[in-house]
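Q: Need coordinates for the following:
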Amino acid sequence: MHHSRAAKQVASRQSRKTSALRILRRAVDHCQEVIFLTDADGVLQYVNPSCEIMTGYRADELIGQHVSCIASQVPTGESWDSMRREALQKGVFRGNGGLLSKHGGVVELDLAVTAVRDPGTQVASLAWTGIDVAERELKAKSEGPNKMESLGVFAGGIAHDFNNLLMVIGSYAEMGQATVPADHPARRHMQEIMAAVRRASELTRRLLMFGHRSGAQELVSPNWIVEEAIGMFSRLLEEDIEIRVSLGKDVPLVRVDPGQMEQVLLNLVVNARDAMPNGGELAIETQLVKLNESFARQHPGIAAGEHVLLTVTDSGHGMRAEELARIFEPFYTTKSEEQGTGLGLAIVHSIVQKNGGVISAASTPGAGAAFNIYLPVAAPSTEKKSFCPLPPELPNPHGCEALLVVEDAEPVRQATVEFLSSLGYTVRSAANGEEALNHLRDGSIQFELVMVDIVMPKMSGPELARAIAALRFSSKVLLTSGHPQHVVLSKGVSKIDGNFLQKPFSLKSLAIKIREVLDEPVLARAAAAAAGACSSSTLPTPR
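A: Numbers count the residues shown, from 1 in each chain. Coordinates of the predicted model:
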């Protein structure tokens with residue numbers, strides 16, 4: 001009886017071992033990494049399907065052969081025989097080796113070779129595992145843009161909440177300042193708070209412009225783009241790099257996406273920084289140039305005529321001719337793996353082309369590099385200029401009309417209602433579009449203007465504007481948003497004219513904007529907002 005139970009236990013253990021070995025075999029067979037086993041002398045004992053696929057050999061063609069039949073040298077790799085010897089001596093080897101295919105191709109592998117010894121005989125076998133180096137790097141690089149896009153979406157949501165917080169802080173600081181005598185110390189404190197809100201708002205705007213890859217083009221001054229971007233450079237450069245900026249006088253406007261062009265400058269500045277590890281000089285210049293037909297023929301994609309030339313020059317180590325010829329190729333880089341992915345200049349090249357320009361580079365080893373961006377001068381435009389606010393020392397314009405504030409963020413809603421009420425307006429508020437429609441349908445108050453946030457739960461701002469138009473209410477609509485421009489445009493707002501405020505805005509600008517919208521001709525009512533929020537121009541305006 002005792003022997004029978006013992007035999008059953010042995011059989012059970014043996015069964016579990018056999019089952020575990022089958023599971024292990026299936027796992028190795030299905031592994032995407034190349035795996036093969038050899039004896040101590042390097043004779044192949046097993047190859048997994050991934051190894052068969054990569055080499056083109058069947059398992060029965062390889063088993064029993066020496067590993068040298070699929071071994072090849074790569075420029076950065078070790079001798080396979082030296083890998084084998086080191087693994088036997090030290091227990092493990094890590095390095096690069098070349099795997100030779102049946103058709104003569106060579107695949108560089110990141111190899112790990114582990115010695116596995118039999119507990120009883122101490123006879124060693126070697127387990128070889130390898131990962132395709134090129135495939136791994138391509139996957140890592142291709143994931144980069146997706147990660148950046150996800151990060152951009154995440155940053156957009158954070159920016160919305162952050163802008164709402166800035167709205168509340170700035171609003172109460174501005175209202176507080178209005179109640180404090182001009183000579184009171186607290187007035188300066190309030191002014192500092194408001195200035196900090198403006199700086200934080202500008203920083204958020206710039207970060208969103210870098211994070212979002214595609215935006216609307218607008219008529220801007222290249223000098224303005226450089227001036228806007230310079231503030232970011234101080235956070236990227238060490239003190240031993242001197243920045244020299246030379247902006248041409250009367251440089252004409254160009255039609256580009258300002259956010260994308262700031263990204264171009266950022267990438268070029270980072271590239272210049274990495275080329276000057278011991279410090280140096282970085283120069284950014286703009287000037288008006290006239291390109292001839294010969295230049296246009298040598299640079300496909302650009303026409304002869306007046307162009308703005310934006311040049312970024314560094315005093316770094318420079319590049320050889322063969323490197324210069326490939327610098328705009330995706331994934332090509334002269335930097336170490338830790339420093340670059342090879343995508344920065346490729347992105348620069350793509351952005352410049354999308355904005356109607358061309359980019360060229362010149363460099364000599366030891367003498368730095370210069371990147372020249374040619375942007376065509378924009379044709380004269382009749383676009384509406386951006387609204388110019390009243391001087392800050394003038395009082396806020398007042399009114400007696402009835403206003404409806406539709407805002408899902410309660411602190412922002414409360415601050416807005418409190419401020420507008422102080423200006424003499426009759427103000428009601430709603431937390432969402434459905435609540436706003438109930439106020440309008442009630443009819444006890446005839447609202448001359450509805451101030452509505454674009455992105456809200458249940459009903460968006462544009463949906464509410466269309467509902468107002470469909471119900472034939474005579475209210476005008478003022479749209480606001482703390483989201484970045486591309487989110488605003490994705491919410492059914494094809495265009496936005498003067499009836500829009502980007503959060504965070506100052507209370508003075510709100511007071512001026514409300515007066516401006518109320519005093520507009522009746523043609524610019526809710527129907528215009530429902531049709532896409534615009535009749536005169538797109539959101540961007542000339543800088």
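Q: show me where the stretch 101-250 of the chain has helices.
A: Assigned by DSSP state H, counting those that start in this stretch, the helices in the stretch 101-250 of the chain fall at 133-178, 185-211, 222-233.
Q: next one: stretch 174-184 to chain centre, how far?
A: Mean-position distance between stretch 174-184 and its chain equals 40 Å (Cα atoms, centre = their mean, to the nearest Å).
Q: Check which residues of that stretch are buried.
A: For stretch 174-184, the neighbour count (16 or more other Cβ atoms under 10 Å) marks 174, 177 as buried. In short, each C-beta sits where N, CA and C put it, glycine included.
Q: which residue sits closest to A59, ignoring its sequence neighbours?
A: Distances taken as Cβ to Cβ, 6 or more residues apart in numbering put V47 closest to A59, at 5.2 Å, once the chain neighbours are dropped.
Q: Give the residue spans of the stretch 51-200 of the chain that score low on pLDDT.
A: By pLDDT under 70, the low-scoring segments of the stretch 51-200 of the chain are 73-78, 120, 123, 137-157.
Q: List the contacts of the spatially closest residue to M190 that is not a sequence neighbour.
A: With Cβ to Cβ, 6+ apart as the criterion, M190 has its nearest non-adjacent residue at 3.9 Å, and that residue is Q177. Shown in contact with Q177 (Cβ atoms under 8 Å, 6 or more residues apart in numbering): 187, 190-191, 194.
Q: quick one: which of those residues has the most company?
A: Ranked by the number of neighbours (other Cβ atoms under 10 Å), the contacts of Q177 place M190 first, at 20 neighbours.
Q: looking at it, that one is touching V180, isn't it?
A: Yes. At 6.7 Å, M190 counts as touching V180 under the criterion of Cβ atoms under 8 Å.
Q: picking that back up, count of residues packed around the residue nearest to A59?
A: By other Cβ under 10 Å, the residues close to V47 number 25.
Q: Please list all residues in contact with it.
A: 35-37, 55, 57, 59, 62-63.
Q: Most neighbours among these, please name it.
A: Most neighbours among the contacts of V47, by other Cβ under 10 Å: F36, with 25 neighbours.
Q: element containing that one?
A: Using DSSP states H and E, F36 falls within strand 34-39.
Q: and that strand, how far from the chain's centre?
A: The chain centre lies 43 Å from the centre of strand 34-39; the measure is Cα atoms, centre = their mean.
Q: Mind giving me the packing neighbours of that strand?
A: strand 44-47, helix 49-55, strand 124-132 (3 or more Cβ pairs under 8 Å, 6 or more residues apart in numbering; DSSP states H and E).
Q: Over it, what's the mean pLDDT, rounded is fine.
A: For strand 34-39, mean pLDDT is 90.
Q: What is the end-to-end distance of stretch 168-186?
A: Stretch 168-186 has its terminal residues 18 Å apart, counting by Cα to Cα, to the nearest Å.
Q: Residues contacting stretch 30-43, please?
A: 28, 44-51, 54, 62, 64-68, 80-81, 84, 88, 99, 109, 123-132.
Q: List buried residues within the residues you listed.
A: For the contacts of stretch 30-43, buried by 16+ other Cβ under 10 Å: 28, 44, 46-48, 50-51, 54, 62, 67, 80, 84, 88, 99, 109, 124-130, 132.
Q: No further questions, thank you.
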